[in-house]
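J.: Return atomic coordinates for the entry below.
(one chain, ligands or ions: 1)
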Amino acid sequence: MQLLDGKFASEKIKEEIAVEAAEFLESTGRQPHLMAILVGNDGGSETYVASKMKNCAKVGFKSSLVHFDNTVTEAELLAKVEEINQDESIDGLIVQLPLPAHIDPEKVTAAIDYRKDVDGFHPVNLGRMMRNLPCFIPATPYGILLLLQAYGIDTAGKHCVVVGRSNIVGSPMSILMARNANPGNCTVTLTHSKTTNLKEIALQGDIIIAAIGRKNFVTADMVKPGAIIIDVGINRETSETTKSGFKLFGDVDFENVAPKASWITPVPGGVGLMTIVGLLKNTLASARKEIYQ
Ligand code: NDP
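T.: Numbers count the residues shown, from 1 in each chain. Below you'll find the predicted structure:
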């Protein structure tokens, strides 16, 4: 078994991004600029946004945060999005999910200018991705592609089983792995909670991408010897033994699955770090107007 080490790959790609950000600053006199909107005080969301901001600073991007109280109205949030859409000094805008129940995430996602949608959730970007046109690829699937690329893994002709069909991970991942591209060119099976014979399907997977949100969901008896395992899950449990007060677990039973796998991502230290790289690459591409004018 070999590790698909998100720390190693992300550090290497971030060094490249930092060089390109410095060149951008040199030629334009400004840094690529990412703006994040955070609503409420969800511990996980606060940690993710803080980490995104910290990584922006590391690669020489500017980042800004608008932090709303839980009581912000949908109209107020949409007005802020519109204001940022109009602000030419901002290259990328992300609205950290989940949002409180009184705010419709679909409305907010659609309100973001697709040319600043560096999370890649806007229907225009998802539609362009479907058609294999230049677009912002959703940050987590993009990070997974970059990780496979970093390790030179040839996915062509392989059977890729994706578990989970969310709009932000599972569904786009299934489309990307089926595309005529590298990584890609897989035969893809997309599974979800209504799939009846998940274990049999998973056992056929040369690649399994697990994005479910349940600790240890993928067990060793679901994995074919030599399979490549990508664990997207981030399941937080409180812990008295860690400084942060919680511990992270993936969707894969790492201890028992790893010995059967050819390659596997750890949690933490895998896909999560690559998601941030996907976001940074999209932000740089936006600043350079590589995808949209
Ligand atoms: P969602 O809750 O939006 O989707 C979960 C998917 O898993 C759904 O499609 C659901 O099926 C499926 N599912 C749930 N239970 C089962 C089951 N018993 N059998 C088969 N399928 C099942 O989650 P996300 O995609 O947003 O996130 C998934 C995980 O990835 C979470 O742990 C999240 O924290 C993590 N994550 C990690 C990121 C990273 O950067 N590493 C980024 C984003 C997410 P159905 O559609 O039928 O309900």
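J.: Strands of this structure, residue ranges please.
T.: Here the chain has its strands, by DSSP state E, at 2-3, 33-39, 62-68, 92-95, 159-163, 187-191, 207-210, 228-231, 235-238, 246-249, 263-264.
J.: May I see the domains of this structure written out as residue ranges?
T.: Structurally, the chain divides into domains by automatic domain parsing as follows: 13-118, 139-271.
J.: pLDDT (mean, whole number) over the first one?
T.: What domain 13-118 shows for mean pLDDT is 97.
J.: Next: the longest one.
T.: Domain 139-271 shows an average pLDDT of 97 in the prediction.
J.: follow-up on the earlier one: need the strands of the chain in TSV with mean neighbour count, can you?
T.: Bear in mind the C-beta positions are built from the backbone N, C-alpha and C, glycine included. Shown next, in TSV, are the strands of the chain (neighbours: other CB atoms under 10 Å):
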stretch	mean neighbour count
strand 2-3	14
strand 33-39	22
strand 62-68	16
strand 92-95	26
strand 159-163	26
strand 187-191	18
strand 207-210	27
strand 228-231	25
strand 235-238	12
strand 246-249	16
strand 263-264	22
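J.: Please name the residues that touch the residue of the stretch 1-150 of the chain found nearest the ligand.
T.: At 4.2 Å from the ligand, T140 is the closest residue in the stretch 1-150 of the chain, using CB to the nearest ligand atom. By CB atoms under 8 Å, 6 or more residues apart in numbering, the contact list for T140 reads I168, V169, M173, A211, V232, V271, M274, T275, G278.
J.: Looking at the domains of the chain, which one is packed in the most?
T.: Sort the domains of the chain by mean neighbour count, taking mean count of other CB atoms under 10 Å, and domain 139-271 sits at the top with a mean of 19.
J.: Test my guess that N235 contacts F249.
T.: Yes. Shown here, N235 and F249 form a contact pair, counting by CB atoms under 8 Å, at 4.5 Å.
J.: Please identify the residues of the stretch 101-250 of the chain in proximity to the ligand?
T.: 140, 163-166, 168-170, 191-195, 198, 211-213, 232-235 (CB under 6 Å from any ligand atom).
J.: Looking at the residues you listed, which are in helices?
T.: T140, G170, L198 (DSSP state H).
J.: mind checking how far the residue nearest to G92 when sequence neighbours are not counted is from S286?
T.: In space, G92 comes closest to V118 once its chain neighbours are excluded; the distance is 3.5 Å by CB to CB, 6 or more residues apart in numbering. If you measure V118 against S286 using CB to CB, to the nearest Å, the figure is 6 Å.
J.: what do the two both touch?
T.: Contacts common to V118 and S286, judged by CB under 8 Å, 6+ apart, are D91, G92, F136.
J.: The closest residue to the last one other than its chain neighbours: neighbour count?
T.: For F136, ignoring the flanking residues on the chain, the nearest one in space by CB to CB, 6+ apart is G120 at 4.1 Å. By other CB atoms under 10 Å, the residues close to G120 number 24.
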